[in-house]
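*Asks:* Here is a sequence together with a model predicted from it:
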Amino acid sequence: MNTDVLMPTLPGVPLLLGLLGLLLPPGDGGRARRWPAAALGIVGAAAALAVTVLLLARVDGPVTAGVGWVELGDLPVTLTFSVTPAALYVALAVAVVALAVQVYSVAYLHDDPRYAPYAAQVSLFTGAMLLVVVAGDLIPLLVGWEVMGACSYLLIGHDRRLPEAPAAAVKAFLVTRVGDVGFLLGIAILGVGAGRFRIADVLAHHYSPATLTVALLLILAGVAGKSAQFPLHTWLPDAMAGPTPISALIHAATMVAAGVYVVFRLFPLFAASPAALAVLGVMAAITLLLGALCATAQEDIKRVLAWSTVSQIGYMTGALAVGSPSAALFHLLTHAAFKALLFLGAGAVIHAVGTNALSRMGGLRTHMPATFWSMAIGLGALAGLPPLAGFWSKETVLSAAEHATDGAGPAPAWVGWTVWLAALAGVAVTAWYATRLLLRAFLGAARARDDDWQVGFDDARYDRDFARPHDPPALMRWPVLLLAIPAALLGLAVYVPEFRTALGLATPHVDPAVAAPLALLVVGAGAAWWRWRAVPGADPADALGRWRPLLANGFFLDAVQDRFVVRPVRALAGGLRRFDERVIDGTVEGTGTVTTRLGAVLAAVHRAALPRAAVAVLTGALLLGVAAAIYGAAS
């Protein structure tokens, strides 16, 4: 099979199998569809993985293939597929995480009657992200972008037993749609300006500075929505109402990574617009610190990880803002590995103890050793602990930001300083909340899971009345254990020449500046450890004092948006509805009523007896004659 056939197969297989999964017959409460649906989902992800590996073995440079598709006026749209080794590494991360999620979900949702549409929607989600990765034309890329938005709505709201799930799904859909309006307009400006929508032609076209800046700022609105960047980040923590495997997929390999990847694809245009890079840099710095600080005060284990995703995406967009797309892509790949590991590990913990609350965990290390060590690796990689994967990629981002402070890159020097200082502060804060999560969930004494039980895991009453927490079944355990390998070792790929060349990374070397982030990591982790040891049983987040509610509620930005955006829009919509009902509809209905009544009067007159009608005609003629006489006399 040649490369021209393999490229459309990469997104095509999971998309096709996802559609087939949606067409499975209903069966007995969904159970009859379970194994066929699981097979279709797993085969689709495995096929995408196999095709990606084949392409990686064959492709050593940019390859493009496609055909004409449709025309929008005078603008041709092509069904073009374009891959590079860098794009294939992203596709590899998507396929690996999608396969892990599909296998994990078989056990995690073993009693879910709606598992079949869930598995099909995961396949559609995977295929849509792969379409974004390999699309060589902006219109097919937009199609994949929008299919992801629809799938995220369906998957976040999958568990209809949770009252918060539908609201979270609607919020995610609407907030990302706000950004997507700008994204669509930005694509339109670029395509109309270039006369074509092919990405290669768009990148080669020369735009005026004003046109280019406007188009890129509109595209950044879509990126902020999809990648949960300030100020359109508020949907992501609430999206934790979805099943945990979906959280892993959204946070690690799809959706939030899509925005970063689009900027990576269009980076030559961004490099020509310092204003767009400056906006991206400010947005990245705010998002990085906002996500990290909010993660410190969360009680829900999944919300800690959700806010950490907001922060880590800030590192990626910060790298793009300072002119280092290679560093951004490197961190995207390592983040996909350790964040998928962390969410699936968190799902194992929730599965074992029946709660998301850190306050009801503790002492799980001895009962869930495989999960503990996997989570320890994932949290270490998140914090940037050497030699784990996150250390290498985060150090690459920090190095790029530091070098940008001299103003030699495409962004102004102040952007480099802003991103570098925010990234350094983020290292300490990330180490603090990662250490807190590990301590609260796995170490120390066990904490009660309900108000009636106040004993530890080793108490005889617990053994009698409750199932002892344990590592998850094989279908959940093996994806977690296998993801621990890239979370630990992927960073070392920087020493592989082919990987380094594909991403455009520099040859690794010892940089004395690495001492600063390592020192901050020790300070952050040490502060959380010291607080936990100094006050046994206490939550290190208690040290935040009166700041904790502010951080736990995301600086109340949801409330701000509700007051200044949601309520005014609802009030405007209500006013327009009332105007439509009372004025527009009233005018139309009133016209009809008046006409009907007038017709009834005329009909009654028409049905009058002949003598009465004759009298009426003569009376009218007399009145008209009198009026004419008076008017003639007056004139």
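*Replies:* That came in fine, so what should we check first? All of these numbers come straight from a predicted model, not from anything done at the bench. Numbering: from 1, shown residues only.
*Asks:* Can you find the helix or strand of this structure with the lowest average pLDDT?
*Replies:* helix 460-465 (a mean of 35; mean pLDDT, DSSP states H and E).
*Asks:* V122 is in contact with V106, isn't it?
*Replies:* No. With contact defined as Cβ atoms under 8 Å, V122 does not reach V106; the gap is 11.3 Å. Backbone N, C-alpha and C define where each C-beta goes, glycine included.
*Asks:* Looking at those two, which is more packed in?
*Replies:* Each of V122 and V106 has its neighbours counted (other Cβ atoms under 10 Å); V122 has more, 30 against 21.
*Asks:* residue contacts, that one?
*Replies:* G18, G41, A98, V101, Q102, S105, C151, L155, P245, I246, L249 (Cβ atoms under 8 Å, 6 or more residues apart in numbering).
*Asks:* mind redoing it with 6 Å?
*Replies:* Contact analysis of V122 by Cβ atoms under 6 Å, 6 or more residues apart in numbering lists G41.
*Asks:* Which pLDDT value goes with it?
*Replies:* If you check V122, the pLDDT there is 95.
*Asks:* I'd assumed T64 was in a strand, is it?
*Replies:* Yes. Applying DSSP: H, G, I helix; E, B strand; the rest coil, one finds T64 inside a strand.
*Asks:* in the sheet, who's paired with it?
*Replies:* Per DSSP bridges, the residues bridged to T64 are S82.
*Asks:* quick one: it from A423, how far?
*Replies:* Distance, T64 to A423, by Cβ to Cβ, to the nearest Å: 35 Å.
*Asks:* Looking at these two, which one has more neighbours?
*Replies:* Legend: neighbour count by other Cβ under 10 Å for T64 and A423, higher for A423 (26 against 18).
*Asks:* list the buried ones in the helix or strand that contains the more buried one?
*Replies:* According to DSSP states H and E, A423 maps onto helix 413-442. If you call a residue buried by 16 or more other Cβ atoms under 10 Å, then helix 413-442 has these buried ones: 415-420, 422-442.
*Asks:* what's it packed up against?
*Replies:* Helices and strands touching helix 413-442, by 3 or more Cβ pairs under 6 Å, 6 or more residues apart in numbering; DSSP states H and E, are helix 274-295, helix 301-321, helix 369-383, helix 389-404, helix 515-534.
*Asks:* to the chain's geometric centre, what's the distance from it?
*Replies:* A distance of 21 Å separates the centroid of the chain from that of helix 413-442, by Cα atoms, centre = their mean, to the nearest Å.
*Asks:* Next: stretch 481-498.
*Replies:* 24 Å.
*Asks:* end to end, how far does it reach?
*Replies:* 26 Å (Cα to Cα, to the nearest Å).
*Asks:* residues making contact with that stretch?
*Replies:* In contact with stretch 481-498 (Cβ under 6 Å, 6+ apart) are residues 100, 334, 337-338, 340-341, 374, 377-378, 381, 388-389, 392, 499-500, 505, 508.
*Asks:* pLDDT at the closest residue in space to A204 that isn't next to it in sequence, what is it?
*Replies:* Leaving aside its sequence neighbours, A204 sits nearest to A194 (Cβ to Cβ, 6 or more residues apart in numbering; 7.8 Å). Note on A194: pLDDT of 92.
*Asks:* which residues sit in contact with A194?
*Replies:* By Cβ under 6 Å, 6+ apart, A194 lies in contact with D201, V202, H205.
*Asks:* Same question for stretch 114-125: list its buried residues.
*Replies:* Burial within stretch 114-125, assessed by neighbour count using 16+ other Cβ under 10 Å, is assigned to Y115, A116, P117, Y118, A119, A120, Q121, V122, S123, L124, F125.
*Asks:* What helix or strand is the fifth one located in?
*Replies:* A119 belongs to helix 115-134 when elements are defined using DSSP H and E.
*Asks:* Alpha carbons of that helix, as CSV, please.
*Replies:* Output of helix 115-134 as CSV, limited to C-alpha atoms (Å, rounded to 0.1, in the frame of the first residue of the first chain):
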residue,chain,number,x,y,z
TYR,A,115,-21.4,2.0,26.0
ALA,A,116,-22.0,1.2,22.3
PRO,A,117,-22.6,4.9,21.2
TYR,A,118,-19.9,5.9,23.5
ALA,A,119,-17.3,3.7,21.8
ALA,A,120,-18.5,4.9,18.4
GLN,A,121,-18.2,8.6,19.4
VAL,A,122,-14.7,8.0,20.7
SER,A,123,-13.8,6.6,17.3
LEU,A,124,-15.3,9.7,15.6
PHE,A,125,-13.4,11.9,18.0
THR,A,126,-10.1,10.1,17.2
GLY,A,127,-10.7,10.3,13.4
ALA,A,128,-11.6,14.0,13.6
MET,A,129,-8.3,14.8,15.4
LEU,A,130,-6.3,12.8,13.0
LEU,A,131,-8.0,14.7,10.1
VAL,A,132,-6.9,17.9,11.7
VAL,A,133,-3.3,16.5,11.9
VAL,A,134,-3.1,15.3,8.3
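*Asks:* what sits up against the following helix or strand past it?
*Replies:* Proceeding N to C from helix 115-134, the next assigned helix or strand is helix 138-156, under DSSP H and E. With contact meaning Cβ under 6 Å, 6+ apart, helix 138-156 is reached by 77, 121, 124-125, 128, 131-132, 135, 168-169, 172-173, 176, 187, 191, 197, 239, 242, 246, 255.
*Asks:* mean confidence score for helix 138-156?
*Replies:* 93.
*Asks:* same question, stretch 255-269
*Replies:* In this model, stretch 255-269 has a mean pLDDT of 94.
*Asks:* In it, which residues are buried?
*Replies:* 255-267, 269.
*Asks:* thinking again about what came up before, tell me which of the contacts of A194 is nearest to V181?
*Replies:* Distance to V181 across these (Cβ to Cβ) is lowest for V202, with 19.7 Å.
*Asks:* need the contact list for that closest one.
*Replies:* Counting by Cβ under 6 Å, 6+ apart, V202 touches L190, A194.
*Asks:* so where does it fall, helix or strand?
*Replies:* helix 199-204.
*Asks:* What residue, apart from its backbone neighbours, is nearest T9 spatially?
*Replies:* V51 (5.4 Å).
*Asks:* elements contacting the helix or strand hosting the one you found?
*Replies:* Element membership for V51, per DSSP H and E: helix 34-58. Applying 3+ Cβ pairs under 6 Å, 6+ apart, we find helix 34-58 packed against helix 3-22, helix 85-108, helix 115-134.
*Asks:* what's the nearest residue to S227 if we skip its chain neighbours?
*Replies:* Distances taken as Cβ to Cβ, 6+ apart place G259 nearest to S227, at 3.2 Å, with adjacent residues excluded.
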